[in-house]
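Asker: Just the structure for this:
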Amino acid sequence: MSQGSALLPGAHSQGVQAGAAMVPSARPVTLGVMGGGQLGRMFVHAAQAMGFETAVLDPDADSPAGRVSHHHIQSAYQDPQGLAQLAALCSAITTEFENVPADALATLAATRTVAPGANAVAIAQDRLAEKAHFVRCGVPCAPFAAIANAADVETAPADLLPGILKTARLGYDGKGQVRVADRAQLRQAFEALKQQVCVLEKMLPLALECSVLLARGADGAMVDFPVQRNVHRAGILAVTEVFAGNVPAALAAQAVQAARAIAQGLDYVGLLCVEFFVLQDGSLVVNEIAPRPHNSGHYTLDACDQSQFDLQVRTLARLPLTQPRQHSAAVMLNILGELWGPGLDQTPPWDAVLALRGAHLHLYGKREARPGRKMGHLTLTAPSPQAVHETALEAAHILGIEGF
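Answerer: Alright, predicted model coming up:
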């Protein structure tokens with residue numbers, strides 16, 4: 001069930017007191033992560049760079065994060081033995097995806113520092129609970145109604161149509177979502193989603209999408225990155241642009257204020273991404289939260305003095321938070337499996353891409369390319385917005401990615 005399962009001398013009994021900063025020393029301090037995907041892999045790299053040892057719990061023997069961690073506990077997320085082993089190895093534990101069972105985090109939190117906490121993750125896992133939290137925080141979201149049964153389909157307010165029917169739980173990257181123009185399509189979509197509890201959201205006229213990444217410490221201190229402007233295609237993030245003027249300054253300030261209110265209301269500890277819609281009338285509505293690092297924040301690895309993963313480590317280890325600084329204009333392009341060609345067996349032209357000035361390629365170590373699968377990302381950096389935009393368009397052309 002486990003790789004590297006032996007308890008390191010001092011890894012558990014390190015004398016780390018509850019609430020104390022976990023500073024690496026000659027005696028190893030181990031940080032754990034639930035989930036072995038690319039976000040876990042980049043967290044592991046950041047933690048190791050700061051002198052920590054790492055442990056990953058993931059059922060996949062070949063997980064990207066498990067392959068680079070000091071320890072890989074190969075078990076299901078709710079397996080009591082796996083959770084006990086992770087707790088024995090680690091002083092503090094985080095998560096790399098929002099659908100890790102919240103009760104598993106609660107189990108770990110009985111004996112270890114866990115950030116983000118089970119309650120915050122549980123809210124992010126349920127769209128109805130999430131929207132109720134937005135309302136409590138006074139942050140506008142799209143008009144919505146709960147659809148739990150056939151009767152709700154018939155009584156849902158007509159002004160929510162056309163809309164988007166979304167499963168209340170376990171949706172990501174556009175999965176579990178169906179656009180509906182009228183009540184007949186709503187009935188069909190509810191059946192297609194197997195009559196799961198859903199949320200019907202009113203379709204709004206969008207001008208653009210953006211996101212805010214922030215980190216909040218156990219002491220309540222908060223820092224944030226510049227607001228990211230995003231382009232989604234087929235429900236998957238395709239492009240993120242971060243530079244001066246990418247979003248009007250007043251709107252960016254409003255988004256940051258709203259994101260901070262959401263984090264404060266959750267008493268959140270960790271790295272949090274808040275996604276927003278900007279409507280054609282210039283107003284801002286919140287879409288959803290991700291209690292983890294986010295695809296739109298990958299540019300921070302190359303364009304900022306601290307990355308989102310550095311701040312994830314700091315919040316987990318209760319180290320000081322300092323306001324990150326962006327030193328270069330940046331555009332991030334998602335690298336999806338279809339770039340490997342129709343047979344998914346061709347190597348993309350990395351040599352041509354890496355010949356571009358300011359190109360930073362990150363591949364996640366996934367063994368198999370599949371359409372829509374996130375295989376890596378490419379960040380372009382430059383001194384000016386115009387220069388980075390031009391280089392990013394050239395890179396997109398080389399790779400066969402749609403322009404923006």
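Asker: Every contact and neighbour count from this point should use C-alpha atoms.
Answerer: OK.
Asker: State the number of residues packed around A110.
Answerer: 10 (other CA atoms under 10 Å).
Asker: In terms of helices and strands, where is A252?
Answerer: Take DSSP states H and E as the rule and A252 turns out to sit in helix 249-266.
Asker: Please name every helix or strand in contact with that helix.
Answerer: helix 127-137, strand 206-216, strand 270-279 (3 or more CA pairs under 8 Å, 6 or more residues apart in numbering; DSSP states H and E).
Asker: Can I get the next helix or strand after the first one in CSV? Just the C-alpha atoms.
Answerer: In other words, helix 127-137. Using DSSP H and E, the helix or strand that directly follows helix 127-137 along the chain is strand 144-147. Only the C-alpha atoms of strand 144-147 are listed here, as CSV (Å, rounded to 0.1, in the frame of the first residue of the first chain):
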residue,chain,number,x,y,z
PHE,A,144,-29.7,30.7,-9.0
ALA,A,145,-32.1,28.0,-7.7
ALA,A,146,-31.6,24.6,-6.3
ILE,A,147,-32.9,21.7,-8.4
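Asker: Identify whichever of the helices and strands packed on helix 249-266 lies nearest to H45.
Answerer: strand 270-279 (16.2 Å; CA to CA).
Asker: What strands line up against the closest one, and which way round?
Answerer: Using DSSP bridges, the strands paired with strand 270-279 are strand 206-216 (antiparallel), strand 284-290 (antiparallel).
Asker: So for the helix or strand following the last one, mean pLDDT?
Answerer: Okay, so that is strand 284-290. Counting by DSSP H and E, the element after strand 284-290 in chain order, helix or strand, is helix 300-303. Averaging pLDDT along helix 300-303 yields 98.
Asker: same check, this time on stretch 131-139
Answerer: In the prediction, stretch 131-139 has an average pLDDT of 96.
Asker: quick one: contacts of that stretch?
Answerer: Identification of contacts with stretch 131-139 by CA atoms under 8 Å, 6 or more residues apart in numbering yields I123, P140, C141, A258, A261, I262, G265, V285, V286.
Asker: in that stretch, what counts as buried?
Answerer: Neighbour-count burial for stretch 131-139 flags K131, H133, F134, C137, V139 (criterion: 16 or more other CA atoms under 10 Å).
Asker: now these in TSV, with distance to N119?
Answerer: As requested, the buried residues of stretch 131-139 are exported to TSV (distance: CA to CA, whole Å):
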residue	distance to N119
K131	15
H133	12
F134	15
C137	16
V139	19
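Asker: wait, which of these is closest to D345?
Answerer: Comparing these against D345 with CA to CA places K131 closest, at 42.1 Å.
Asker: Tell me how far that closest one lies from T95.
Answerer: Counting by CA to CA, to the nearest Å, the gap from K131 to T95 is 22 Å.
Asker: Helices of the chain, start to end?
Answerer: Under the criterion DSSP state H, the chain contains helices at 38-49, 80-89, 102-109, 118-124, 127-137, 150-155, 183-192, 249-266, 300-303, 308-317, 350-354, 385-399.
Asker: Quick check: which of those is buried the most?
Answerer: helix 308-317 (a mean of 26; mean count of other CA atoms under 10 Å).
Asker: Report the angle between that helix and helix 38-49.
Answerer: 70 degrees (axes from the mean of the first three to the mean of the last three CA atoms, to 10 degrees).
Asker: got a list of contacts for helix 308-317?
Answerer: Against helix 308-317 from outside (CA under 8 Å, 6+ apart): 21-23, 31, 42-43, 46-47, 92-94, 113-115, 213, 215-218, 269-271, 293, 297-298, 300-301, 320-321.
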